[in-house]
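Participant: the following comprises the amino acid sequence and a computationally predicted model.
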Amino acid sequence: MAHESTYQPQAGIEKWMDDRLPVMRLVHDSFVDFPTPKNLNYWYTFGGILTFCLVAQIATGITLAMHYVANDTMAFASVEHIMRDVNFGWLIRYSHAVGASMFFLAVYLHMFRGMYYGSYKAPREVLWILGCIIFLLMMATGFMGYVLPWGQMSFWGATVITSLFGAIPIIGDPIQQWMLGGFAVGNPALNRFFSLHYLLPFVIFGMVVLHVWALHVPGNNNPTGIDAKGPQDTVPFHPYYTVKDAFGLVIFMLIFAGFVFFAPNALGHPDNYIPANNLVTPAHIVPEWYLLPFYAILRSITFDFGIPFTDIIFIKAKFLGVIAMFASIGVLFVLPWLDTSKVRSMRYRPIMRFFFLIIFLPACVGLGWVGAETPAKVLYQQGEFTYYADYFEGEELTTLTYDTAEERDHAVESLVAVGTEVEIRDGTPFQFQMVHLGLILTIVYFAYFIIIMPLVGIIETPRPMPASIAESVLPRSSASAAAAE
Amino acid sequence: MMTRFTIALLASLIALPAFAAGDAEHPQAPPQGWSFDGVFGRYDPQTLQRGYLVYEQVCSSCHGLEYVTYRNLAEPGGPGFTMDQARAIAAEHLVPAGPDQDGNTTDENGLPLTRDGIPADAIPSPYANDLAARAANGGALPPDLSLMTKARLNGPSYIYSLLTGYEPDPHGEEQVGLYYNSYFTNHWIAMAPPLSDGLVEFPDGTEGTVENQAFAVTNFLMWASEPHLEKRKRMGFQVMLFLLILSVLLYMGYRRVWADQH
């Protein structure tokens, strides 16, 4: 939280500098003697972890850019050159590729943490919105980075995602062509994606500075969601949280290193080791895992929006899917105003806690699963496919039933050969497909934000809350003793 | 509560790259397994040398290794040829040459100029370009094999299964220029069964069965895709050990710093 500066310049040079550019004062007041709630758990270490991820991605990325060639005939080979011939190139590239996944893993846990403990509520709305902007920039950066190796998934992923803009009515096609620098994904698109992939991390870095600034005005939220009321509730950031963040970071790095050194390709797709080919479409085009939930929402909308029982269509299915996908991120921006509860932390919100942990989180993971599978995959089927042939034998209607279309067609042929008029029809069983599950989970996702969150905030009776942070962290016996005083 | 969800999240994340591969049969690993699997996995140089022999005598008549150079054959963590052996192997092959002193790009017969290979040369494709390759293979393009084990799901087992998985079509069907293989997507592959018993004779006395040839060449192709695998895992252990010790020290520091708060 904003607080009186406690910086005491010691040496002469410190005083001299402090009078001219008080940068040491800023660092001291922000990261050394910054009062921080004493009850932060390990879910609060992801802020530091994410800073590490960003710096690691920029450091490895700048090194890769020294060896990478952004040209459609050379990009794939230059990546292989890095993997084989550049000193420790394999380490730098695997760290960068795995690093993107680890970055998103950390950002998702960071966001879920913020949602669970109500860290987006007043006075932290701007902090939350800045975080959402960073997330959006990360998605754009991650997507464009995935295009650069110029493998099959790079090329076709870029084709699918840029075609989304083509779904916008009237202005869609010109926008898509302007973005790609051509009518299809090719060298101009690769070049501008590389340029933007290099630029955006620094934009993210700037947003992170604002994010940290916005954090340091109200100070950290904490697992109780109760404001710190005085020095008894806080500890200085250093050494208490520098050491805790460092420990959390090293545990995170162990998982990171586990992937880089022992399963570097586990999170990638094999097709991206096939050079891009605009004549061969992969069997399943899928984005990287961290974009799958949004990809699932995009593909789950298969119906037009219009007036029922008429031919009037306002929004076509494809554009509706695009709107739904962007809305699924857009809804995060207004989260602070959708939550009507005065209590921040879900620790004291039994109903909301249930909806978050049992409904919302599994829906997000489920959407990720749906995004990875083919939409037409059958999850449940009631009955079997049957194939009928109807014809009149004299006056009497006769129906033949077959298990396969081939058998039925064979029978029909012989009937038609002797001059019988035959009508065919198919019996389709009820099928519950992946795309249906996707639609249900999409509805759950939006309902959580738009219906459940405002409603539960009004009807829910929160659990009793501790009077202060200090009380919440004291052992039970001393807490009651403190209460008795 | 939230720990359990993290585990579920991580588990789903790891399970995601499992994609259905058409109606092809699930690839089978060979009975002896892969020596390069697992955190302690390494290549067996002897097997890689046998694998190179299979590549050289069989695969290389259609497939190139454009990202592998002859000098790689003598580098640590690989087949373990000496530099002189690698130089000799390179010299046995003709590679495309640049213009000669007079600026000619073709010889007196109009054929493109070639020269003897040197260790720095990539292992070339036998075809001048993709169109020539297709023309010689009934329209099908034999892919470059440099990255094949990483470009297929479950790559090494897939290649081993494919090489040993040729059989007559169970429905007795036959197609011109295509061969039945239960491990290939939609089952009909343009590559004729490349291996047969005794096709390659191994100088180290290993029996030249189809299985042994497929096993050796798959090992070799895995090395071709991932030549720094041994170095990577070795460094991995050093890094993990360092981080583990660091985490213990940091945890002790953390307990000590927070002692007055508990």
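Facilitator: Here it is on my side, so go on.
Participant: going forward, measure contacts and count neighbours with C-alpha atoms only.
Facilitator: Will do.
Participant: quick one: name the residues of the stretch 101-250 of chain A near chain B.
Facilitator: A:Pro239, A:Tyr240, A:Val243, A:Lys244, A:Ala246, A:Phe247, A:Val250 (Cα under 8 Å from any Cα of the partner chain).
Participant: JSON lines please, covering those and showing neighbour count.
Facilitator: Compiled in JSON lines, those are given as follows (neighbours: other Cα atoms under 10 Å in any protein chain shown):
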{"residue": "A:Pro239", "neighbour count": "17"}
{"residue": "A:Tyr240", "neighbour count": "20"}
{"residue": "A:Val243", "neighbour count": "20"}
{"residue": "A:Lys244", "neighbour count": "24"}
{"residue": "A:Ala246", "neighbour count": "19"}
{"residue": "A:Phe247", "neighbour count": "23"}
{"residue": "A:Val250", "neighbour count": "19"}
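Participant: out of the residues you listed, which are inside strands?
Facilitator: Using DSSP state E to define strands, no part of those is located there.
Participant: what residues does the stretch 151-262 of chain B put near chain A?
Facilitator: B:151-153, B:227-228, B:232-233, B:235-236, B:239-240, B:243-244, B:246-247, B:250-251, B:253-254, B:257-258.
Participant: remind me, longest helix of chain B?
Facilitator: In chain B, taking DSSP state H as the definition, the longest helix is helix B:229-258.
Participant: briefly note if stretch A:291-310 comes near chain B.
Facilitator: No. Using Cα under 8 Å from any Cα, stretch A:291-310 never reaches chain B; the gap is at least 9.5 Å.
Participant: contacts for that stretch?
Facilitator: A:139, A:286-287, A:312-318, A:320-322, A:324-325, A:328, A:364-372, A:375, A:435-436, A:438-439, A:442 (Cα atoms under 8 Å, 6 or more residues apart in numbering or on different chains).
Participant: give me the buried subset of those residues.
Facilitator: A:286-287, A:315-318, A:320-322, A:324-325, A:328, A:364-372, A:375, A:435-436, A:438-439, A:442 (16 or more other Cα atoms under 10 Å in any protein chain shown).
Participant: among those, which are within reach of chain B?
Facilitator: Answer for these near chain B (Cα under 8 Å from any Cα): A:Val365, A:Trp369, A:Ala372.
Participant: surely the last one touches A:Tyr290?
Facilitator: No. Under the contact definition of Cα atoms under 8 Å, A:Ala372 does not touch A:Tyr290, with a separation of 10.6 Å.
Participant: which ones are touching the residue lying closest to B:Tyr251 once chain neighbours are set aside?
Facilitator: With sequence-adjacent residues excluded and distances taken as Cα to Cα, 6 or more residues apart in numbering or on different chains, B:Tyr251 is closest to A:Phe247, at 6.2 Å. Listed by Cα under 8 Å, 6+ apart, the contact partners of A:Phe247 are B:Ser247, B:Leu250, B:Tyr251, B:Tyr254.
Participant: could you work out the most separated pair of the residues you listed?
Facilitator: Largest separation among the contacts of A:Phe247 by Cα to Cα: B:Ser247 and B:Tyr254, giving 10.1 Å.
Participant: up against chain B, what does the stretch 251-400 of chain A have?
Facilitator: So the stretch 251-400 of chain A meets chain B at A:251, A:253-254, A:257-258, A:261-262, A:266-274, A:289, A:365, A:369, A:372-373 (Cα under 8 Å from any Cα).
Participant: which of those fall in helices?
Facilitator: Using DSSP H, those in helices are A:Ile251, A:Met253, A:Leu254, A:Ala257, A:Gly258, A:Phe261, A:Phe262, A:Val365, A:Trp369, A:Ala372.
Participant: among the residues of the stretch 151-262 of chain B next to chain A, name the buried ones.
Facilitator: Buried among these by 16+ other Cα under 10 Å: B:151-153, B:227-228, B:232-233, B:236, B:239-240, B:243-244, B:246-247, B:250-251, B:253-254, B:257-258.
Participant: distance of the residue in chain B that chain A sits nearest to relative to A:Ile359?
Facilitator: Going by Cα to the nearest Cα, chain A is nearest to B:Ala151 of chain B, at 4.4 Å. Distance check for B:Ala151 against A:Ile359: by Cα to Cα, to the nearest Å, it reads 37 Å.
Participant: which strands or helices does the helix or strand hosting A:Pro454 pack on?
Facilitator: Taking DSSP states H and E as the criterion, A:Pro454 maps to helix A:453-459. If you count contacts as 3 or more Cα pairs under 8 Å, 6 or more residues apart in numbering or on different chains; DSSP states H and E, helix A:453-459 packs onto helix A:350-354.
Participant: give the contact list for the nearest residue to A:Met434 once chain neighbours are set aside.
Facilitator: Excluding the flanking residues, the one nearest A:Met434 by Cα to Cα, 6+ apart is A:Pro375, at 4.9 Å. Residues counted as contacts of A:Pro375 (Cα under 8 Å, 6+ apart) are A:Arg299, A:Ser300, A:Gln433, A:Met434, A:Val435.
Participant: redo that, cut-off 10 Å
Facilitator: A:Pro375 sits next to A:Ala296, A:Arg299, A:Ser300, A:Gln433, A:Met434, A:Val435, A:His436, A:Leu437, A:Gly438 when contact means Cα atoms under 10 Å, 6 or more residues apart in numbering or on different chains.
Participant: equivalent analysis for A:Ala184, please.
Facilitator: A:Ala158, A:Thr159, A:Thr162, A:Ser163, A:Gln176, A:Gln177, A:Asn278.
Participant: quick one, phi psi at it?
Facilitator: The phi and psi values for A:Ala184, taken as degrees, to the nearest 10, are phi -150, psi 170.
Participant: determine the residues that are contacts of both of B:Ser247 and B:Tyr254.
Facilitator: A:Ala246, A:Phe247.
Participant: just the terminal-to-terminal distance for stretch A:62-80.
Facilitator: 17 Å.
Participant: give me the low-pLDDT residue ranges for the stretch 151-262 of chain B?
Facilitator: B:262 (pLDDT under 70).
Participant: okay then, goodbye and thanks.
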